[in-house]
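> Can you look at this prediction? I've put the sequence above it.
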Amino acid sequence: MRSLLIDLFSSTGRFQVMGTASTEAEANLWVEDFPDRWDVAIIDLVLAEGTGMNVIARAKRANPKGRVVVLSGFVSPAVDQHCRDMGAEEVFDKAYTDAFVRWLDGLEDLSPEGGAPRA
């Protein structure tokens, strides 16, 4: 899924990928070390080690102006609400990626320079 998202972002020309992580620890470290380097964080709940749930809150604390979005194959109404309670703006099921793509298309330029959003 990561490579598909990177391909999607590069094909639109509207997004610049700033970092990726496979584990909760890597993701948390990245958002803490680079809180101003991203505008949109796309978080999966299932990681190689740990969980994306903890990354949601950490990302929102590190960059309160950043938009935190969950894209996961494990979304239920309760999971959706918990993600939102932790700071996610939107929660998308991977089975319905068309809704996620429509949301991305609706994003305005977010970076301070007015350029491509940094994901």
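Cool, the structure landed. In this text the structure is predicted, and so the values were computed from the model without any measurement.
> After the helix or strand where Ala57 lies, heading C-terminal, what element do we hit next?
If you go by DSSP states H and E, Ala57 is part of helix 52-62. Using DSSP H and E, the helix or strand that follows helix 52-62 in sequence is strand 67-72.
> by contact count, what packs against that next one?
Helices and strands touching strand 67-72, by 3 or more C-beta pairs under 8 Å, 6 or more residues apart in numbering; DSSP states H and E, are strand 40-43, helix 52-62, strand 90-93, helix 97-105. Backbone N, C-alpha and C define where each C-beta goes, glycine included.
> any idea which of those is most buried?
Greatest average neighbour count among these goes to strand 40-43 (a mean of 24), per mean count of other C-beta atoms under 10 Å.
> That one - contacts with which helices or strands?
helix 52-62, strand 67-72.
> Tell me which residues touch the nearest residue to Ala99 once chain neighbours are set aside, please.
In this structure, Ala99 finds its nearest non-sequential neighbour in Phe92, 5.7 Å apart by C-beta to C-beta, 6 or more residues apart in numbering. By C-beta atoms under 8 Å, 6 or more residues apart in numbering, the contact list for Phe92 reads 69-72, 75, 99-100, 103.
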